[in-house]
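Visitor: fold the following, please.
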Amino acid sequence: MVSTGSTTGGRAGMDREMSRVALVTGAGKGIGAACARALSDAGHRVALLARSREDLDALAQDLPGETLVVPTDVTDPAALDAAFAQVEDTWGPVEILVVDSAERPTEN
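Guide: Residues are numbered from 1 along each chain as shown. The predicted structure follows:
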């Protein structure tokens, strides 16, 4: 789902030729969401990756620029390849990559 978010604040009106394609993993919450917000505020198109579509949809609606919501389990190599392919098919090559994903350790 591509969303344009709101049109207030930041440099969301930046010329598309000047904006870059960013992909942020772990974008649903915390540091990943903050990175996605900073990139969107700077006028970049931001692909949001995390397991939770609900978290990604909520963030996408709150960002000022174009976003692409891509629910993805980054621990699954095939799913990660498919996510990159979706972003590249939509906007072209990823130029900014933020990797902020964590897997909870299993109990022994």
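
Visitor: lowest average confidence, helix or strand, in this protein?
Guide: None of the helices or strands of the chain scores lower by mean pLDDT, DSSP states H and E than strand 2-3, at a mean of 63.

Visitor: need the contact list for the most centrally placed residue in the chain.
Guide: Most central in the chain under CA atoms, centre = their mean is residue 48, positioned 2.1 Å from the mean C-alpha point. Contacts of residue 48 were listed using CB atoms under 8 Å, 6 or more residues apart in numbering, and they are 24, 27, 28, 36, 56, 59, 60, 67, 68, 69, 70. Just so you know, the C-beta spots here come from the backbone N, C-alpha and C atoms, and that holds for glycine as well.

Visitor: again, but for residue 38
Guide: Shown in contact with residue 38 (CB under 8 Å, 6+ apart): no residues.

Visitor: please report how far it lies from residue 64.
Guide: Going from residue 38 to residue 64 by CB to CB, to the nearest Å gives 11 Å.

Visitor: repeat that for residue 85.
Guide: Counting by CB to CB, the gap from residue 85 to residue 64 is 26 Å.

Visitor: which of those two has more neighbours?
Guide: More crowded of residue 85 and residue 64, by other CB atoms under 10 Å: residue 64, with 20 against 10.
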